[in-house]
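Undergrad: Predicted coordinates and the sequence they were generated for:
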Amino acid sequence: MKRFFESVGRFARFAGTVILDVFRPPIEWEQLWRQIGQVGSRSFPLCAAAGLACGVVMTLHSRTTLVRFGAGSMVPMVQSLGFFIEIGPLLTALLAAGRVGAGIGAVLSNMRATEQIDAVEALSIDSFKYLVVPRVLACVLVLPLLTIFTDFSGLLGGYFSEFAAAHISGPLYIERAFSGLTWENFIPPTLKTSVFGFIIGTVSAFFGYTTNEGAEGVGRAATNSVVLSSLLVIVADIILVRCIFIVFPETAL
Amino acid sequence: MKEEKQTAIYLEHVTKSFGEKHVLRDVSLPIQEGEAVCLLGRSGMGKSVTLKLMIALLKPDKGHVWIGNRDISRLEREELSRVRRKIGFLFQSAALFDSLNLHDNLALPLRRMTDKSKAQIEEIVHNVLGEVGLAGDAQTMPVDLSGGMKKRAGLARALVLEPEILLVDEPSSGLDAITASEIDELLLRRKMRQNTTMVIVTHDPQGARRTGDRFAVLDQGRLIAFGTPPELERHPSEVVRNLMAER
């Protein structure tokens, strides 16, 4: 129990240092651009494919029920509300936790095991600011963009499914999909993924940067990064959804 | 405090433990400017730890680590960075950055630590890579280098900022005798030309004889001998004499 609280304390201190170092000059622009590119390019194909597949599956399920109640025309709206409010943000965060989180954990722990982090320090470079902060910041900035890609991929998947079932036209699908959607349904859920990005980046960097178990620790850091960041993303989602309902009560379905 | 004005590095009553394991116990070691000191001892006796203490990658539990007149174990980050700029470190594994090619591995500290123009950086990188015999491999990624090339590349990166002090961890480990002697030659040449202070951790007494002015022997966390090779060959400790007799 004591070790658990010690770990929580160390993680809280690590996360606090990340937040403070984001605002402490100099900003590592070169590293930040590189990490944004890596986070985006690693996750984009995965998010697009997963969004498309989920869109098809969700339409297949919702269509059966809605048609039974004579509400078949509402399938596109249910699809868009489902994706923009919850499925898109959560699916993107969980995919990023698996893809990006594991990558950050493995890369940093490998750098620790092969003394590359010590080498950064020996060159008078602040390794935390150089290696950790740009990775976390990249996750914070890229997750909302990836979420938008996932949302629209989901809509596209839904359209394909609807077209196959009901031969609905593209413009009509779009009109119906966006008929019930407001900015409040889109902006807060999309922006909450920045918090998910912070969780994924910080948890993964924590396991990678602080590991000290040699090559064996690389695999463990990657696994721990995925497991804990996925879990914390889901817990944070519950809290953030409640917060969004308080600030934008009309978004509660 | 420091013993002499010309002391480049001084470990003063340094103690370091990891949990229950006492790695260094009350070690004091003065190293003069321009001299090459080889740290000898069996595996796990605290040689690499001593080296990392000298660049504040580790902090002592007790005692002081003086670089010139600064106790680097108690410096804030900004000041520590300034002191570290005077020190080059060749890691045992070379520790080249995987994601950067050889050129960028060397250019990184120059871009970060100096105001040099792009052309000047190109010239310095080219010259230093030439010095270690890797001028044609500037665009090669570390993963494509052999063990000896990695070591030379790591040495090139350690030298690129023209350090006053060079810390070298196991320059010959994992290398054949010819490549190891090439590395020793490079170190010797740098010492002769730039009067660089060197601390070299090694298991290779032959290589140490080529490059070192004085030897320090660590055993059970204590500095049991410190002197020139002839002095150590006559040392009362059998451990020291055995180390010196190794071929």
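TA: All right, it came through fine. Predicted model only: the values in this text are computed from it and were never measured. Numbering: from 1, shown residues only, chains lettered A, B, ... in the order given.
Undergrad: Then residue B:235 would be within a strand, right?
TA: No - Residue B:235: not assigned to a strand; according to DSSP: H, G, I helix; E, B strand; the rest coil it is coil.
Undergrad: roughly how far apart are it and chain A?
TA: Distance from residue B:235 to chain A, counting by CB to the nearest CB, to the nearest Å: 32 Å. The C-beta positions use only the backbone N, C-alpha and C, and glycine is treated the same way.
Undergrad: OK, contacts around that residue?
TA: B:225, B:227, B:241, B:244 (CB atoms under 8 Å, 6 or more residues apart in numbering or on different chains).
Undergrad: measure the second one to residue B:212 for me?
TA: Taking CB to CB, to the nearest Å as the criterion, residue B:227 is separated from residue B:212 by 11 Å.
Undergrad: which of the two has more neighbours?
TA: residue B:212 (26 against 15; other CB atoms under 10 Å in any protein chain shown).
Undergrad: Give me the neighbour count for the closest residue to residue B:96 other than its chain neighbours.
TA: Nearest residue to residue B:96 in three dimensions, chain neighbours excluded: residue B:142, at 3.9 Å (CB to CB, 6 or more residues apart in numbering or on different chains). Counted by other CB under 10 Å, the residues lying close to residue B:142 total 21.
Undergrad: wait, isn't residue B:142 in contact with residue B:105?
TA: Yes - under the criterion of CB atoms under 8 Å, residue B:142 makes contact with residue B:105 at 7.1 Å.
Undergrad: if I look at those two, which residues touch both of them?
TA: B:96-97, B:153.
Undergrad: Pick out whichever of those sits closest to residue A:197.
TA: residue B:97 (24.9 Å; CB to CB).
Undergrad: So the most centrally placed residue in chain B, which state does it fall into?
TA: For chain B, the residue sitting closest to the mean C-alpha position, by CA atoms, centre = their mean, is residue B:167 at 1.5 Å. Secondary structure state of residue B:167, per three-state DSSP, is strand.
Undergrad: Please report the distance of it from residue B:53.
TA: 10 Å.
Undergrad: Residues in a beta bridge with residue B:21, which ones?
TA: residue B:18 (DSSP bridges).
Undergrad: ok so, going back, select only the buried ones of the shared contacts of residue B:142 and residue B:105 in ChimeraX?
TA: To isolate the buried members of those in ChimeraX, using 16 or more other CB atoms under 10 Å in any protein chain shown:
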select /B:96,97,153
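Undergrad: export the shared contacts of residue B:142 and residue B:105 to JSON lines and tack on secondary structure and pLDDT?
TA: As requested, the shared contacts of residue B:142 and residue B:105 are exported to JSON lines (DSSP: H, G, I helix; E, B strand; the rest coil; pLDDT from 0 to 100):
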{"residue": "B:96", "secondary structure": "coil", "pLDDT": "95"}
{"residue": "B:97", "secondary structure": "coil", "pLDDT": "94"}
{"residue": "B:153", "secondary structure": "helix", "pLDDT": "92"}
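Undergrad: if we can go back for a sec, tell me if I'm right that the residue nearest to the centre of chain B and residue B:199 touch.
TA: Yes - using CB under 8 Å, residue B:167 makes contact with residue B:199 at a distance of 5.2 Å.
Undergrad: Residue A:52: which element?
TA: helix A:29-68 (DSSP states H and E).
Undergrad: buried stuff in that helix?
TA: So, applying 16+ other CB under 10 Å, buried residues of helix A:29-68: A:31-32, A:35-36, A:38-40, A:42-44, A:46-48, A:50-52, A:54-56, A:58-60, A:62-63, A:66.
Undergrad: Could you do stretch B:80-93 as well?
TA: B:80-81, B:83-93.
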